[in-house]
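K.L.:
What shape does this take:
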Amino acid sequence: MIGVMTYNVPHRKTYDVLCRLKAGGYQEVVVISSPFHYQKKFTSLIEHRPKTSNQIPIDTLCSNFGYQLFETFESSPLQSNDIVLLCGAGIIDKETRERFRFINSHPGYLPNVRGLDALKWAIYGGEPIGVTTHQLGDEVDSGLLIERVLLDIYQNDTFHAVAQRQYEMEVEMLVTAIEKIDDASEYIKSDGFPLHKRMSRSYELQLFEKFEAIIKNISIVSDKK
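P.N.:
I've put the predicted structure just below:
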């Protein structure tokens, strides 16, 4: 049995992950939907995460897929050590975290790029651009490494093309991590890398220039081959 933790509102990543699970033949899926309390404090200059393109309620989505929906882990049929995919969640208490095997798909190459707006910070800081799946640990963006993949960047790429491709990789790796978690042995620590917050507008104003420098470097390397 596979668990999915999310919010009780229409949510793009949840929709895509549930579709991918259904397409992959996963029948015994339990969705835990918690209240959504987040209030957006500011609007980014550069949006890079896909918007929710539908308003299908989570209960309707689960019903149509034949998946079970619960408000809490305690009321669900999930057993200790079951796998739970993270699509959306607040703080998970230690007892719950240790009871299940939570898998996170982080849109960044850990431990280099931790926290929020990982793609933006990777571009700004010249860090590797990729996706990491891991079992939740005690620190944010830490835990047993399942898979870590660099994203291919091409000469004709745009910032938003890279963002979309990274998001699709993030969803795919979250689902494929189900079959790979038993082989996880390396533990990802923070290793002194900063835990990023949302990127402020002063940094965002420099972001496209930083991205173009990456593309230019790719072109130079390609021309030398």
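K.L.:
going forward, measure contacts and count neighbours with C-alpha atoms only.
P.N.:
Noted.
K.L.:
Pretty sure Leu85 sits against Met5.
P.N.:
Yes: using C-alpha atoms under 8 Å, Leu85 is in contact with Met5, at 6.2 Å.
K.L.:
which residues in this protein form strands?
P.N.:
With DSSP state E as the definition, the chain shows strands at residue ranges 2-7, 29-34, 68-70, 83-86, 101-106, 114-115, 130-135, 143-150, 187-188, 195-196.
K.L.:
Among the ones you listed, which comes closest to Ile181?
P.N.:
Ile181 sits nearest to strand 143-150 of all the strands of the chain, at 5.6 Å, using C-alpha to C-alpha.
K.L.:
Now the closest one: average pLDDT?
P.N.:
The average pLDDT within strand 143-150 is 97.
K.L.:
Equivalent analysis for stretch 28-44, please.
P.N.:
Over the span of stretch 28-44, the pLDDT mean works out to 83.
K.L.:
tell me which residues of it are tucked away?
P.N.:
For stretch 28-44, burial by neighbour count (16 or more other C-alpha atoms under 10 Å) applies to 29-34.
K.L.:
Which one of those residues is nearest to Ser53?
P.N.:
Distance to Ser53 across those (C-alpha to C-alpha) is lowest for Ser33, with 19.3 Å.
K.L.:
got a list of what the closest one touches?
P.N.:
Counting by C-alpha atoms under 8 Å, 6 or more residues apart in numbering, Ser33 touches 5-8, 69-72.
K.L.:
List buried residues within these.
P.N.:
Buried subset of these (neighbour count, 16+ other C-alpha under 10 Å): 5-8, 69-71.
K.L.:
Quickly name whichever of those residues is closest to Ser185.
P.N.:
Distances from Ser185 to those, taken by C-alpha to C-alpha, are shortest for Met5, at 23.8 Å.
K.L.:
which residues does the closest one contact?
P.N.:
Applying C-alpha under 8 Å, 6+ apart, the residues near Met5 are 31-34, 84-89.
K.L.:
how many other residues sit next to the closest residue to Val84 other than its chain neighbours?
P.N.:
Take Val84 and drop its neighbours on the chain: the residue closest to it by C-alpha to C-alpha, 6 or more residues apart in numbering is Gly3, 4.2 Å away. Number of residues near Gly3 (other C-alpha atoms under 10 Å) recorded here: 27.
K.L.:
How about Ile153?
P.N.:
If you count neighbours by other C-alpha under 10 Å, Ile153 ends up with 16.
K.L.:
cool, and Lys22?
P.N.:
For Lys22, the count of nearby residues is 16 (other C-alpha under 10 Å).
K.L.:
Check the one 4 residues further on too.
P.N.:
A total of 14 residues lie near Tyr26 under the criterion other C-alpha under 10 Å.
K.L.:
ok, it to Thr52 distance?
P.N.:
Going from Tyr26 to Thr52 by C-alpha to C-alpha, to the nearest Å gives 23 Å.
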